[in-house]
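Engineer: coordinates for the following, if possible.
(one chain, ligands or ions: 1)
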Amino acid sequence: MASPGIAVVFYSRTGTTKQLALEVAKALGADGVELTEERGRGGLLGYLRSGFEAARARTTTLRDVHREVLGYDLVVVATPVWVSAVCSPVRTFLRRHGGKFPPLAFLATMGGRGSETAFQQMASEARRSPVATLALTAGDVRAGKQMEKLSAFIREVRNATPLRTASDG
Ligand SMILES: Cc1cc2nc3c(=O)[nH]c(=O)nc-3n(C[C@H](O)[C@H](O)[C@H](O)COP(=O)(O)O)c2cc1C
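Structural biologist: Numbers count the residues shown, from 1 in each chain. Coordinates of the predicted model:
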């Protein structure tokens, strides 16, 4: 069966991680896969619940388990940093498929800090170390800054993606 290449899986509450994830997907010629929930996270209550879930390493209910992602050659997983932790929707996705992933790379967006802990948690939930990581501030994503870091990340991901021969499709 033909191998489908790279997937970029992301969750985004307010659009910043989505913007970065879709940019990276475009640059890699990858499929974008958005994690969605039935229950919204808008307003102050949504914000507080998000912080609480991330701080307590809680999971949530996703609309789809996205098992198809396990068939890709490499998966980039993108999260917003919540209280110096991975967000609960991304934690849910990684925990569900932990130990079954192809090579992984991690992306994070944040106000300013906490991505290192978030990346450690992601590797632990996935039971796999990433081949590349990149964290950008929301300000830099919106302003289109840090393009060098972004290019370096994209290069690392490309280099780490298993090569396919023409007959693989
Ligand atoms: C509940 C919550 C907790 C957050 N905690 C942090 C944090 O610890 N460190 C940080 O730099 N930014 C923190 N942020 C800011 C987000 O990481 C940042 O705005 C991110 O780019 C949002 O991505 P999104 O628009 O894709 O949801 C937090 C945001 C939320 C909603």
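Engineer: mind checking pLDDT for the residue nearest to residue 100 when sequence neighbours are not counted?
Structural biologist: Take residue 100 and drop its neighbours on the chain: the residue closest to it by C-beta to C-beta, 6 or more residues apart in numbering is residue 70, 5.4 Å away. For glycine as for every other residue, the C-beta is placed from the backbone atoms N, C-alpha and C. Looking at residue 70, its pLDDT is 97.
Engineer: my read: residue 70 touches residue 98, true?
Structural biologist: No: in this structure, residue 70 is not within contact of residue 98 by C-beta atoms under 8 Å, at 11.1 Å.
Engineer: next up, the contacts around residue 19.
Structural biologist: By C-beta atoms under 8 Å, 6 or more residues apart in numbering, the residues touching residue 19 are 12, 141-142.
Engineer: what's the closest of those to residue 158?
Structural biologist: Ranked by distance to residue 158 (C-beta to C-beta), the contacts of residue 19 are led by residue 141 at 20.8 Å.
Engineer: next SSE downstream of the strand or helix carrying that closest one?
Structural biologist: Taking DSSP states H and E as the definition, residue 141 sits inside helix 138-143. Moving toward the C-terminus from helix 138-143, the next helix or strand (DSSP H and E) is helix 147-160.
Engineer: packing partners of that following helix?
Structural biologist: helix 16-28, strand 74-82, strand 104-110, strand 133-137 (3 or more C-beta pairs under 8 Å, 6 or more residues apart in numbering; DSSP states H and E).
Engineer: hmm, 10 Å instead?
Structural biologist: strand 6-10, helix 16-28, strand 74-82, strand 104-110, strand 133-137, helix 138-143 (3 or more C-beta pairs under 10 Å, 6 or more residues apart in numbering; DSSP states H and E).
Engineer: so for the second one, what's the average pLDDT?
Structural biologist: Per-residue confidence for helix 16-28 averages out to 98 on the pLDDT scale.
Engineer: is that helix in proximity to the ligand?
Structural biologist: Yes: judged by C-beta under 6 Å from any ligand atom, helix 16-28 and the ligand are in contact via 16-18.
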